[in-house]
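Engineer: kindly generate the corresponding structure for this input.
(4 chains)
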Number of protein chains: 2
Amino acid sequence: MTLTERRRKLLQLIVDEHVSTAQPVGSSAIVEKYRLPVSPATVRNEMVSLEEEGYIVQPHTSAGRIPTDRGYRYYVETLMREESLPQPDEQTIRHQFHQAARGLEDWAHLAAAVLAARLHSAAVVTAPYSPEPRLRWLELVSVHDYLALVVLVLQEARVLQHTLTLEDSVSQDELTTIARRLNSQIAGKTAAEMRQGQPEFSPAVEALVVNATADLLAAADASGFELAFLEGLRELLRQPEFAHGERILGLLELLEGRNLPQAIPVAALPPHDIRITIGAEHPTDAMRQCSVVTVGYSGPSGLRGTLSVVGPTRMRYPRAVPLVRYMGSLMEELLGVYFA
Amino acid sequence: MTLTERRRKLLQLIVDEHVSTAQPVGSSAIVEKYRLPVSPATVRNEMVSLEEEGYIVQPHTSAGRIPTDRGYRYYVETLMREESLPQPDEQTIRHQFHQAARGLEDWAHLAAAVLAARLHSAAVVTAPYSPEPRLRWLELVSVHDYLALVVLVLQEARVLQHTLTLEDSVSQDELTTIARRLNSQIAGKTAAEMRQGQPEFSPAVEALVVNATADLLAAADASGFELAFLEGLRELLRQPEFAHGERILGLLELLEGRNLPQAIPVAALPPHDIRITIGAEHPTDAMRQCSVVTVGYSGPSGLRGTLSVVGPTRMRYPRAVPLVRYMGSLMEELLGVYFA
DNA sequence: TATTAGCACTCGCGGGTTGAGAGTGCTAAT
DNA sequence: ATTAGCACTCTCAACCCGCGAGTGCTAATA
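Structural biologist: Numbers count the residues shown, from 1 in each chain, chains lettered A, B, ... in the order given. Next up is the predicted model:
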């Protein structure tokens, strides 16, 4: 399993070269380009070994070699040298955030856009959500006599809404009174905590509102990932590996559709932990051609979210990893300040 | 310009046939399939005339004919016989709406999904919005000492939010008081009306809030179309005319990107007026292969929205038009009941 | 005059062939 | 252990070729 130093170096060159050209890399090409102190024949011998170990393959006899998923895996774990993000770029990004965006969802959206644009890949960012959301504030707004809007502000400053059909006609004034009373009782609570105290809410309307509120909170919990922002699908599909139309459809199905979670780890991830999933390591067939770099981020009071970059397996990992990591820390910083 | 009856009939058959097969249609094929009482030779003669008039073309010598944009135009305007929507289908759709969705945006989203699924095309639906939005209710929620969330409920029950940085520390109680006072003064007003009365708001905080509110309202107006729901992109891209990868990218760029308005008439449209845009009639290059069927719908107090179906020019117009029309009337009905 | 049978012609498409080029694996010499 | 030399393999693009579909034209017909 342990490769000689020369083979490691060679594998690294093969990955780098293939990542930048998208072509199989041949023995003589690599010798020339990197001025190796050995002949192509020697390189070929080494390549045979690397192929036997499963790190590279030939697409067909007498073509150059391309890395296998296993090759990429080895690369990202022990070979890769991360490119550091230039200082000015950090500044630019930071500036964008302070300038253009306000609020959690804006930030998540912007983060996805930045990742996509800078890495020429697709990017998915989930807005920070709490695994056990608490109510911060409740408001009731009358739409007409028998219809009211329930507006919830969660602890993490997310706003939810739902229309509620009432049994009897209730005026805005009455609704306001109810909301004020309820706020004092259920603000700060989770769905479960509300349900425990439920029998106390005697007027039918109040019980109705509390029920709806609890339902909404519970749903917000379960569907935290629904608030995922996807950007740069076109960047991804522009890559040569997806030139043939059919593969595009599979990916579209997955990414444009509502089944993102299948494709990408949107579930809570220990923060700062960068996770890389390569090609066939994905559970889904449609993702076999892709790699995903993900990082979790967290904020005050249990807020959680993830940032992911989706590219071809032939991804520029040394560039993607530091950027994803930086964006993760930036999100944490923003959250920290926001809820200071 | 006026075609003989036989040529009209022939053009109709050519369109119908091409729409269902996606292939050029030849003279003998059409004679056999529809048991025409004339010979292929006669049909060919007529085809030459139709071609001279610009209604059909041959993709290359010795292929069958396909309709031109002009041919489709003539077809939808004078030849097409709309298929009536089966009663049970209407029931099913209506049921879906009462069952699954609640609230304006849900409806718009669902409408797009229904159109896309039933017509195997992409569909874009804008949520109903008011060209001059009025405030229904304002709420201020404290996030922390110097940060407050402004939550606006518009007349049409849409909810907007924005975070506001405060000069001084303000408690939730104070914010609630401010909100109550402001509500009595600016509820029901438009952005412009708020700005007129502005000098009156003496405490700095109130002026700040009113300003932010007016800005939000104004932005909601201008960007009404941003609330457009796109569904079924995959259905569209599955069509054979987009099999070759490059054309897909242009469309993706347009539809997935935020520049939908360029592609599709999202602007207010006189309600009930069905508009069909065919191929090169579109201003955008990327849409040259597509046709769009749009209808405007309206609701109480000036609410407006549009529903569109985006398909290849080879679209099943006789099916699309009635469905779009029906969905438009359904949206109006729902809005009417909602704001009863 | 409108229709039609007959026929030569055109063109796209799929299949097979071919030659160039890239890259390999092997062998024998260093 | 390395490498020069070489025969070998395989892809790719270009090309040809024959088939089939469908046409346009012409001359005969109702």
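
Engineer: how many residues are close by residue A:269?
Structural biologist: Residue A:269: 21 surrounding residues under other Cβ atoms under 10 Å in any protein chain shown. (Each C-beta comes from the backbone N, C-alpha and C, glycine too.)

Engineer: no, scratch that, I was asking about residue A:88
Structural biologist: Residues contacting residue A:88 under the criterion other Cβ under 10 Å number 8.

Engineer: got it, and the one 3 residues further on?
Structural biologist: One way to gauge burial is a neighbour count; for residue A:91, by other Cβ under 10 Å, it gives 10.

Engineer: ok, the host helix or strand of residue A:207 near chain B or not?
Structural biologist: Applying DSSP states H and E as the criterion places residue A:207 in helix A:204-222. No: using Cβ under 8 Å from any Cβ of the partner chain, helix A:204-222 stays clear of chain B, with a minimum separation of 10.8 Å.

Engineer: mind checking how far that helix is from the chain centre?
Structural biologist: How far helix A:204-222 lies from its chain's middle: 29 Å, per Cα atoms, centre = their mean, to the nearest Å.

Engineer: residues contacting the next helix or strand after it, please?
Structural biologist: From helix A:204-222 onward toward the C-terminus, using DSSP H and E, the following helix or strand is strand A:228-231. Around strand A:228-231, the neighbours that count as contacts under Cβ atoms under 8 Å, 6 or more residues apart in numbering or on different chains are A:105, A:108-109, A:111-113, A:115-116, A:122-127, A:255-256, A:260, A:266.

Engineer: partner residues bridging residue A:151?
Structural biologist: Beta-bridge pairing for residue A:151 (DSSP bridges): residue A:139, residue A:161.

Engineer: wait, residue A:53 touches residue A:3, no?
Structural biologist: Yes: with contact defined as Cβ atoms under 8 Å, residue A:53 counts as touching residue A:3 (7.3 Å).

Engineer: near chain B, which residues of the stretch 1-150 of chain A?
Structural biologist: Residues of the stretch 1-150 of chain A lying near chain B (Cβ under 8 Å from any Cβ): A:102, A:103, A:136, A:137, A:139, A:141, A:143, A:144, A:147, A:149.

Engineer: mean confidence for the helix or strand hosting the last one?
Structural biologist: Taking DSSP H and E as the definition, residue A:149 sits inside strand A:147-154. For strand A:147-154, the per-residue pLDDT values average out at 94.

Engineer: of all the residues in it, which ones are buried?
Structural biologist: By neighbour count on 16 or more other Cβ atoms under 10 Å in any protein chain shown, the buried set for strand A:147-154 is A:147, A:148, A:149, A:150, A:151, A:152, A:153, A:154.

Engineer: a markdown table for these, including distance to residue B:337?
Structural biologist: Shown next, in a markdown table, are the buried residues of strand A:147-154 (distance: Cβ to Cβ, whole Å):
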| residue | distance to residue B:337 |
| --- | --- |
| A:147 | 10 |
| A:148 | 15 |
| A:149 | 16 |
| A:150 | 19 |
| A:151 | 21 |
| A:152 | 25 |
| A:153 | 28 |
| A:154 | 30 |
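
Engineer: just the helices in the stretch 1-150 of chain A please.
Structural biologist: Taking DSSP state H, counting those that start in this stretch as the test, the helices found in the stretch 1-150 of chain A are A:5-21, A:27-34, A:40-53, A:69-74, A:87-100, A:104-119.

Engineer: between the ones you listed, which one is closest to DNA strand C.
Structural biologist: Of all those, helix A:27-34 sits nearest to DNA strand C, with 3.4 Å by Cβ to the nearest atom of the strand.

Engineer: close to DNA strand C, is that closest one?
Structural biologist: Yes: Helix A:27-34 lies within reach of DNA strand C by Cβ under 7 Å from any atom of the strand, at A:27, A:28, A:29.

Engineer: what's in contact with that helix?
Structural biologist: Residues outside helix A:27-34 that contact it (Cβ under 8 Å, 6+ apart): A:10, A:13-14, A:17, A:36, A:38-41, A:43-44, A:47, A:64.

Engineer: return the closest of the residues you listed with respect to residue A:75.
Structural biologist: Checking those against residue A:75 by Cβ to Cβ gives residue A:14 as the nearest, at 9.1 Å.

Engineer: for stretch A:289-309, the distance to its chain's centre please.
Structural biologist: Centre to centre, stretch against its chain (Cα atoms, centre = their mean), the figure for stretch A:289-309 is 5 Å.

Engineer: CA-only coordinates of that stretch in PDB, if you can.
Structural biologist: C-alpha atoms of stretch A:289-309 as PDB (Å, rounded to 0.1, in the frame of the first residue of the first chain):
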ATOM      1  CA  GLN A 289     -18.800  11.400 -12.400                       C
ATOM      2  CA  CYS A 290     -18.600  14.000  -9.600                       C
ATOM      3  CA  SER A 291     -16.800  14.900  -6.500                       C
ATOM      4  CA  VAL A 292     -18.100  16.900  -3.700                       C
ATOM      5  CA  VAL A 293     -16.200  19.000  -1.100                       C
ATOM      6  CA  THR A 294     -18.200  19.800   1.900                       C
ATOM      7  CA  VAL A 295     -17.600  21.700   5.200                       C
ATOM      8  CA  GLY A 296     -20.000  22.100   8.100                       C
ATOM      9  CA  TYR A 297     -20.300  25.400   9.900                       C
ATOM     10  CA  SER A 298     -21.900  26.300  13.100                       C
ATOM     11  CA  GLY A 299     -23.100  29.400  14.900                       C
ATOM     12  CA  PRO A 300     -24.500  30.500  18.300                       C
ATOM     13  CA  SER A 301     -27.200  28.400  19.900                       C
ATOM     14  CA  GLY A 302     -26.700  25.300  17.900                       C
ATOM     15  CA  LEU A 303     -27.100  26.800  14.400                       C
ATOM     16  CA  ARG A 304     -25.800  24.400  11.700                       C
ATOM     17  CA  GLY A 305     -25.300  24.500   8.000                       C
ATOM     18  CA  THR A 306     -23.100  23.100   5.300                       C
ATOM     19  CA  LEU A 307     -21.300  24.400   2.200                       C
ATOM     20  CA  SER A 308     -20.600  22.100  -0.700                       C
ATOM     21  CA  VAL A 309     -18.800  22.400  -4.000                       C
END
